[in-house]
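Enquirer: I need the structure of the sequence given here:
(chains A, B and C)
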Amino acid sequence: MNYRNFDRILLHWNQTQNNRQMPWKGEKNPYKIWLSEVILQQTRVEQGLRYYHNFIENYPTVTDLANAEEKKVFKLWEGLGYYSRCKNLIQTAKTVSTEFNGKFPDTYEVILKLKGIGPYTAAAIASFAFDLPHAVIDGNVFRVLSRIFGIREPIDTTAGKKLFTALAEKLLDKEQPGLYNQAIMDFGATVCKPSNPLCNKCPFRNKCVAFQKGLIETLPVKSKKIAVRTRYFYYFLPAYRNQLPVRERLGRDIWQHLYEFPIIETDAETDTGKIIKKAVQNGWMDKAATPCISPVFSQKLSHQLIKAVFISYKTKTRDTAFKNYQWVTPAVLQTLPFPKTITQYLNRFLASRE
DNA sequence: AACCCGGGGGA
DNA sequence: TCCCCAGGGTT
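Expert: Residues are numbered from 1 along each chain as shown, chains lettered A, B, ... in the order given. Okay, here's the model as predicted:
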């Protein structure tokens, strides 16, 4: 289609058909905009909503967040995934609080330098908070533009991103960039949806290349397929006077800064008898112990499939083999951030065995 | 450029 | 099951 009319059609749809409501819509406070945008990275609005409210309630200003205890912030983030976002959130809060005296930077280039803020989030903050002419390019925008303009270039290559970025910047209404950016994302989320888009309600229907050529289901194009690795986690829960050993996950792996129990990991499914034998060798278990073995908890991550088994038992001593762990009561356990798999196990089994 | 990083919901 | 979601960082 002719790109000259694009923003007029979009904004007319926005004014007459769009009734999507969200708490940060029309927000001008850059702290709140930044927070909502980081929470929503690769995350559905419905999923992120209660996290947004919790954060605003606990940390009304960027300085409150900067001064918060890191563990408490992670606890608030627990369950949302992509935990490096949380780490970067804290770092950027401190940067804004100290280096910028608590005032959010107001140019695209400076905003982009902050940790955890990439091209999308920088454009969102710049346009929503400061009315600067930068086009957002997220999953919605890739989909809308690839379909309406019939672009078969893959969206996950450097060349593709460059192409879509150039087009998006050209289409942007520079007079009202915030309104336009909000409108194109709402349009992608409610009309030009990934599956079963509402083409019969679409104002671009007569001009949409994908609609006319029957490419709605094939656009946008992605080139890469991701490989998924399977890992087997065997967790050990030795109860000593109602206490369990835990430690923070550090190092370059999934679930950084979340907590876990003593673990034996394998690449292949292993007989629990063998695993327990190994735990005995480690000094984690007495041969005479009578372990309770949980069913397999399966969790799919973007690049990994985790199969976890929990082995609980009682001990009479706090074995020195657990010297790198801290022993905590169930009450303290509640305050620590855990990955979803462990939370599920704790909720389903530990509580019921009291 | 390729790869890594969660968890939930829809089809 | 597979795909997608208001992406970004590291190697």
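
Enquirer: and chain A, what are its domains?
Expert: A:3-213, A:229-353 (automatic domain parsing).

Enquirer: okay, those domains, which one's buried deepest?
Expert: Counting by mean count of other C-beta atoms under 10 Å, domain A:3-213 has the highest mean neighbour count of these, with a mean of 17. Any C-beta I mention is one placed from the backbone N, CA and C, and that applies to glycine too.

Enquirer: is it true that A:Pro133 lies in a helix?
Expert: No - if the criterion is DSSP: H, G, I helix; E, B strand; the rest coil, then A:Pro133 is coil and not within a helix.

Enquirer: re the thing from before, of all the domains of chain A, which lies closest to A:Leu219?
Expert: Closest to A:Leu219 of the domains of chain A is domain A:3-213 (C-beta to C-beta; 4.5 Å).

Enquirer: helix or strand for the residue of chain A most remote from its centre, which one?
Expert: For chain A, the residue at maximal distance from the C-alpha centroid (C-alpha atoms, centre = their mean) is A:Ala288, at 43.3 Å. Assessed by DSSP states H and E, A:Ala288 sits outside every helix and strand.

Enquirer: circling back to that earlier point, comparing the domains of chain A, which gets the lowest mean pLDDT score?
Expert: Comparing mean pLDDT across those, the lowest value falls on domain A:229-353: a mean of 91.

Enquirer: Strands of the stretch 151-300 of chain A, residue ranges please.
Expert: A:229-239, A:244-248, A:259-260, A:263-266, A:292-293, A:297-300 (DSSP state E, counting those that start in this stretch).

Enquirer: Output the ones you listed in CSV, with distance to A:Val96 appended to each entry.
Expert: Formatted as CSV, the strands of the stretch 151-300 of chain A follow (distance: least, C-beta to C-beta, whole Å):
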stretch, distance to A:Val96
strand A:229-239, 37
strand A:244-248, 26
strand A:259-260, 28
strand A:263-266, 37
strand A:292-293, 48
strand A:297-300, 34
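
Enquirer: Tell me which residue in chain A sits closest to DNA strand C.
Expert: In chain A, the residue that lies nearest DNA strand C is A:Gly118 (2.5 Å; C-beta to the nearest atom of the strand).

Enquirer: Pretty sure that residue sits against A:Tyr108.
Expert: No - A:Gly118 is beyond contact range of A:Tyr108, at 11.8 Å (criterion: C-beta atoms under 8 Å).

Enquirer: Can you redo the domains of chain A as TSV, where the extra columns are distance to A:Pro220?
Expert: Formatted as TSV, the domains of chain A follow (distance: least, C-beta to C-beta, whole Å):
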stretch	distance to A:Pro220
domain A:3-213	4
domain A:229-353	18
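
Enquirer: Fine by me, thanks again.
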